[in-house]
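In: Structure for the following, please:
(one chain, ligands or ions: 1)
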Amino acid sequence: MTGYVEVLLLFAVLYWFLYPRTHRMVDVLSARLQDLYTKWESRSEPRLVQQANSQILSYGGLRRYGHQERLQKRALAREASRESKLGDLLEIKEEPWQLDLNMEKRPFMGLCCNNCTSNSRNSAVAKVHQEQGLRNILLVDAQDSGNNFLTRKFCHLSTVYQLKKYEYPQLALTVVKDEQLRQVIEAAAKDDYSKIGEEDDEVYKGILQGHEARATKILYDMRSTLSDFLLRVTSWLLYKLLPRFLTSVVAHPAQVQMLIKASNTGLPLIFLPMHRSHLDYILISFILLNNNIRSPLVAAGDNLRIPVFGWLLRGLGAFFIKRRMDPVQGRRDTVYRAVLHTYMMACLRAGHNIEFFIEGGRTRTGKACLPKGGLLSVIVDAYMDGTIEDALLVPVSVNYEKLVDGNFVREQLGQPKQMETFWKAIRSIWSVLNSNYGMMRIDFNQPFSLRELVRSFHACNKSKLHTSVPDSGGGGDSPLQSVPSENPKPIKSLHTVPSSASLYGTDIMVEEHRLIVESIARHIVYDCSSSTAVMSTNAVAFLLLNRFRNGVIMDKLVEAMEKLKKDLFYAGRDFGFTGDMVDVINHACDLLGPGLVRRERVIKSRDESVVMVRPFTMVPNVIELSYYSNVLLSHFVLDSVVVTALYSLLSADPNPPAMVGSYQVLPFTEEQVQQFALDLCEVLQFEFIFTQPCRQLETAIEDVLTQFRYKEILLCSEVCHVYSPV
Ligand SMILES: CCCCCCCCCCCCCCCC(=O)SCCNC(=O)CCNC(=O)[C@H](O)C(C)(C)COP(=O)(O)OP(=O)(O)OC[C@H]1O[C@@H](n2cnc3c(N)ncnc32)[C@H](O)[C@@H]1OP(=O)(O)O
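Out: Have a look, this model is predicted:
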C-alpha cells in the first residue's frame, strides 16, 4: 500500500515539476513562430500599434488567457452593475448589444420540402402566422395584472407548476415479454448451441438463460425512466441557471405553434436535431416542456451513463444506446439489436415522442456530418409494419454564438476523445456557469408526415427498381418529380419484406428500404443545415477566413457583413444579428476572443487611425475559428464547386483568355462546366450533402449557373464569358 502511495507522490512531483515547463517551452516556440509569421505577413503593410490585449497566444496560453479573460470579465461585470445604479442614462449606454427580437421582416425558415411533402407543407399544421418576431424563451412574463403577488414574485415556480401533466409509461416489462424478442433470443441460443456440436438439453437451456439474462440487462441499462416531476424541477433550475451564461435563448413562436398543432394530432413526433453541444437536448426538452408538448425520449450514447448524471439523464428522458451496434467486426449482435428495436417500437406504441441526433454525435468541424440510418430505420419500420399509422418528423437546427462545450481543437489535432467522467462533467458545468456564451438560437422545422415522404420515395423508386416490395398504403400523395441522384448504388436482389429490414433484420437488407431511410436521413440533414440561423460569430469568422485572411479595416468589414446579410436574406436564411453592424462585429469579436480575432488600431496618418480586424491564421487557433465559419459552408458549397470547376477548366487551357470588354472569353461550354462540377461533387460526396435527395444534382448545378448569369458573373452563349473586374 505504502508503495502505491510513494509511486503516486513521485508522479505528482514529476507532474508539478515538468508540466508547466513543457507548456512554457511549447508556448515560447509557438509564440516565436507566430511572431515570424506576423512579421513576414505585415512587411508591406502599414505600421500597427498593438493594443495591450492583442498578445500572440499559443494553445496553452490561450487557455490561460481565457481564464484571465473570465476573471477580468467578472470584475468588469461587477463594475458595470455598480455603475448601472448611478442612473438610467448610464444604464442605456452600458447595456450589451442585443438582438432585436421584434424585427418585422425576417425570412421564415424551415418549411418542409415542396417536392416530396407538399401535403404536409400545406397542412393545417403550417397555418400559423409566420411573421411574428422571435422570442427569448428565458423571459417569463408574469407581470400580468391578473396574476397574484406570489405568481409574480415566484414566476418560474408558478410556470413549472402550471405545466400540463403527461403520463410517461415505463416499458421495460412489456419489452421483456415481447414475442419477437423471444424469437431472436431463441435463435441466438440455437446458433450458439449448434456451434458447440453436442446434443444436451441442459446445455441448450443454460445458453438460452444466458441470452435471456443478457437481454434483460441490456434492457435495464438502456431504458428511460422519464419522470414528470424531475422534468419540472429541472425546468425550474434551468430558468435560474441558463441566464448565468446565455444572454438569450431565441426561438420562433410560429415554429413552436406548428409543433403544438402537430402534437395535438396525436401522432408521435420524432425530433431530429443537429448536434453541436450538450445544451442542444436540454434546451429542446426545455422548450417542449414549457409549451406543454410531451417531452421526448432521447437516444443517448452510453458514454454518458456516468454516475449521478446518467441517473439524472435517464429520468429526464435519455435511453442509452451503444454508439457502435456491433463492436466485434463481422459479428452482428442480434440480441442487442432486437432489444433496441423492440424497445423503440414499444415506445412508439405507447405514444412517446422520440428524439435522436441523426448525425450520430456532435460535429467537430462546424459543418453537418453525414447521417446515420440505424435508429431512423426503426421509425420507418414501425410505419411500414403498421405499428404506427404515421409519425411527424421534426428536423431541428441549433446554433450558438459561442460554442458552449469548449472547442474540438484537441480532437482535430488528432488526439483521442476524452471520455466523460463525473468529475469532468462537474468541472465543465462549473466553467460554463462562469462564462458568457452569448445567444443560442433554435429552429424547429415544419413537422412533416413520414407516411407522405415514404410514399413519395416509394413511388419514384418503384419505377426505378421494379421490386416486389409491397406498398404499405396506396399511391403517392406527392410523387417526387425526380429520382435521388446522389450516390446511385448497385441494386441487390431483394428477399424480404420491409418490416424485418431495420436494425435486427435479415442479413440481406431490402435495398429499397435502405435507400429510403438514407434519402430521408440526408433530406433531414440538408434541411437542418439550410435552416440554421447564421450568428454574428459565424458571419465574422467566415468573412475573415475566406475573404480577408490578412485582415481588413472595420469599415470594409461592415460593408462585407451588410452584403452577406443581404445575400442570406434573399436566399431565405435567417441571421442571429440585427442593428448597427459595427456593434455586431465588436460583439462577435468579443465572443470569439483575442485568441481567434484581433482588433488593432492602425495609424494611417498623423491624425487619422482606423480599426483593423485580423483573424489568427495559425494552427491551432484557426481550427477553432473555422468551426464558426463552417456553418456557412452549406450555403456556399455548390457555388464553390461550380467556381472551382470554372477555374480548373480555365487553368487547363494553355492560351490566355481573350477579353471582351470586362469579360474573359472562356473556350468551353456550359455542359463542360456542369460535367466538371458533377465530377467534383462525386469526389466530395462524403463531405457534403449538395442538394435534397429528391432533386437532381444536375438541376441544382444548373440553378447555380443561372444565378451566376443573373448576377452577371457569367454570360453564356456558345462559349462562356466570365465576368472579370479589371
Ligand atoms: C426541462 C429540462 C429537460 C432537460 C432534458 C435533458 C434531456 C436528457 C436526454 C439526454 C440525451 C443525451 C443525448 C446525447 C447525445 C448523444 O449521445 S448522440 C449519440 C447517440 N445517438 C445516435 O448516435 C443516434 C443516431 N445513430 C444511429 O442511428 C446509428 O445508426 C446507431 C444506431 C448508433 C448505430 O450506429 P453504427 O453501429 O455505426 O451502425 P450503422 O452503420 O449506423 O448501422 C447499424 C445498423 O442500422 C441499420 N441501418 C443503418 N443504415 C440504414 C439504412 N439506411 N436503412 C436501413 N437500416 C439501416 C442496419 O441494420 C445497420 O446494420 P447493417 O445492416 O449495416 O449491419
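In: What pLDDT is listed against the closest residue to the ligand within the stretch 601-726 of the chain?
Out: Residue of the stretch 601-726 of the chain nearest the ligand, by Cβ to the nearest ligand atom: Pro693 (11.7 Å). (Glycine included, C-beta is placed from N, CA and C.) Looking at Pro693, its pLDDT stands at 90.
In: and what of Val469?
Out: 38.
In: which ones are touching whichever residue of the stretch 1-150 of the chain sits closest to the ligand?
Out: Ranked by Cβ to the nearest ligand atom, the top residue of the stretch 1-150 of the chain for proximity to the ligand is Ile137, at 11.4 Å. Ile137 is in contact with 249-251, 286-287, 290, counting by Cβ atoms under 8 Å, 6 or more residues apart in numbering.
In: could you point out where this structure is predicted with low confidence?
Out: Scanning the chain for pLDDT under 70 picks out 1-66, 69, 77-105, 130-132, 143-146, 461-509, 718, 724-726.
In: domain assignment for it?
Out: By the assignment in the TED database, the chain contains the domains 171-222, 227-413+421-464+502-532, 534-631, 635-725.
In: ok, the residue nearest to the spatial centre of the chain - contacts?
Out: By Cα atoms, centre = their mean, the chain has its centre lying nearest to Met274, at 2.9 Å. Residues near Met274 by Cβ under 8 Å, 6+ apart: 280, 357-359, 363, 368, 396-398, 525, 528-529, 532.
In: again, only using 7 Å
Out: Contact analysis of Met274 by Cβ atoms under 7 Å, 6 or more residues apart in numbering lists 359, 368, 397-398, 528-529.
In: same deal with Val619?
Out: Val619 neighbours (Cβ under 7 Å, 6+ apart): none.
In: for it, helix, strand, or coil?
Out: Using DSSP: H, G, I helix; E, B strand; the rest coil, the structure places Val619 in coil.
In: For Arg549, see how far away it is.
Out: 14 Å (Cβ to Cβ, to the nearest Å).
In: Give me the contacts around the one helix or strand Met344 maps to.
Out: Met344 is part of helix 334-349, with elements assigned from DSSP states H and E. Residues from elsewhere that reach helix 334-349 (Cβ under 7 Å, 6+ apart): 171, 174-175, 178, 180-181, 184-185, 188, 211, 214-215, 218-219, 222-223, 268, 297, 319, 321-322, 325, 354, 378, 382, 387-388, 502-504.
In: returning to that earlier point: just put the domains of the chain in JSON lines and tack on distance to Leu150.
Out: Output for the domains of the chain, formatted as JSON lines (distance: least, Cβ to Cβ, whole Å):
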{"stretch": "domain 171-222", "distance to Leu150": "38"}
{"stretch": "domain 227-413+421-464+502-532", "distance to Leu150": "15"}
{"stretch": "domain 534-631", "distance to Leu150": "36"}
{"stretch": "domain 635-725", "distance to Leu150": "49"}
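In: closest one to Cys155 among the ones you listed?
Out: Closest of the domains of the chain to Cys155 is domain 227-413+421-464+502-532, at 8.6 Å (criterion: Cβ to Cβ).
In: Can you measure across the closest one, start residue to end residue?
Out: With Cα to Cα, to the nearest Å as the measure, domain 227-413+421-464+502-532 spans 31 Å from end to end.
In: Which parts of stretch 361-372 count as buried, going by neighbours?
Out: The neighbour-count check on stretch 361-372 (16 or more other Cβ atoms under 10 Å) flags 362-363, 366-372 as buried.
In: how many other residues sit next to Glu420?
Out: 16 (other Cβ atoms under 10 Å).
In: Measure how far stretch 713-726 is from the centre of its chain, please.
Out: On the basis of Cα atoms, centre = their mean, to the nearest Å, stretch 713-726 sits 37 Å off its chain's mean C-alpha point.
In: what sits against the closest residue to Leu392 other than its chain neighbours?
Out: Distance criterion Cβ to Cβ, 6 or more residues apart in numbering; nearest residue to Leu392, sequence neighbours excluded, is Pro447 at 3.9 Å. Going by Cβ under 7 Å, 6+ apart, Pro447 touches 125, 258-259, 262, 269, 392-394.
In: What is the nearest of those residues to Asp555?
Out: Nearest to Asp555, judged by Cβ to Cβ, of the contacts of Pro447 is Met258 at 41.1 Å.
In: which helices and strands does whatever helix or strand that closest one lives in pack with?
Out: Per DSSP H and E, Met258 falls inside helix 253-264. Contacts defined by 3 or more Cβ pairs under 7 Å, 6 or more residues apart in numbering; DSSP states H and E place helix 253-264 against strand 439-444.
In: now check the strand it packs on, is it near the ligand?
Out: No. Between strand 439-444 and the ligand, judged by Cβ under 6 Å from any ligand atom, nothing touches; the nearest distance is 13.4 Å.
In: Quick check: bridge partners of Ile354?
Out: Ile270, Leu297 (DSSP bridges).
In: How about the contacts made by Met258?
Out: Going by Cβ under 7 Å, 6+ apart, Met258 touches 125-126, 128, 446-447.
In: could you redo the last one with a cut-off of 10 Å?
Out: Contact partners of Met258, counting by Cβ atoms under 10 Å, 6 or more residues apart in numbering, are 110-111, 123-128, 130, 252, 392, 394, 444-447.
In: again with Leu171
Out: 178, 219, 223-224, 297, 319, 342-347, 349-350, 352.
In: Name the member of the residues you listed with the most neighbours.
Out: Neighbour tally across those (other Cβ under 10 Å): the maximum, 28 neighbours, falls on Met344.
In: Please report how far that one lies from Thr174.
Out: With Cβ to Cβ as the criterion, Met344 and Thr174 are 12 Å apart.
In: ok so, going back, wait, which of the contacts of Met274 is closest to the ligand?
Out: The shortest gap between the ligand and any of the contacts of Met274 belongs to Glu359, at 7.3 Å (Cβ to the nearest ligand atom).
In: In what element of secondary structure is the closest one found?
Out: Using DSSP H and E, Glu359 falls outside every helix and strand.
In: is it true that it touches Pro371?
Out: Yes. Using Cβ atoms under 10 Å, Glu359 is in contact with Pro371, at 6.1 Å.
In: Report the backbone C-alpha coordinates of the host helix or strand of Phe229 in CSV.
Out: Using DSSP H and E, Phe229 sits within helix 228-245. Provided in CSV are the C-alpha atoms of helix 228-245 (Å, rounded to 0.1, in the frame of the first residue of the first chain):
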residue,chain,number,x,y,z
ASP,A,228,-42.8,14.4,-14.9
PHE,A,229,-41.6,15.6,-11.5
LEU,A,230,-37.9,15.5,-12.4
LEU,A,231,-38.7,17.5,-15.6
ARG,A,232,-40.4,20.2,-13.7
VAL,A,233,-37.7,20.5,-11.1
THR,A,234,-35.0,20.7,-13.8
SER,A,235,-37.0,23.2,-15.8
TRP,A,236,-37.2,25.5,-12.8
LEU,A,237,-33.4,25.1,-12.2
LEU,A,238,-32.8,25.9,-15.9
TYR,A,239,-34.7,29.1,-15.6
LYS,A,240,-32.3,30.1,-12.9
LEU,A,241,-29.1,28.8,-14.4
LEU,A,242,-29.3,29.5,-18.1
PRO,A,243,-29.3,33.3,-17.9
ARG,A,244,-26.0,33.0,-16.0
PHE,A,245,-24.1,32.0,-19.1
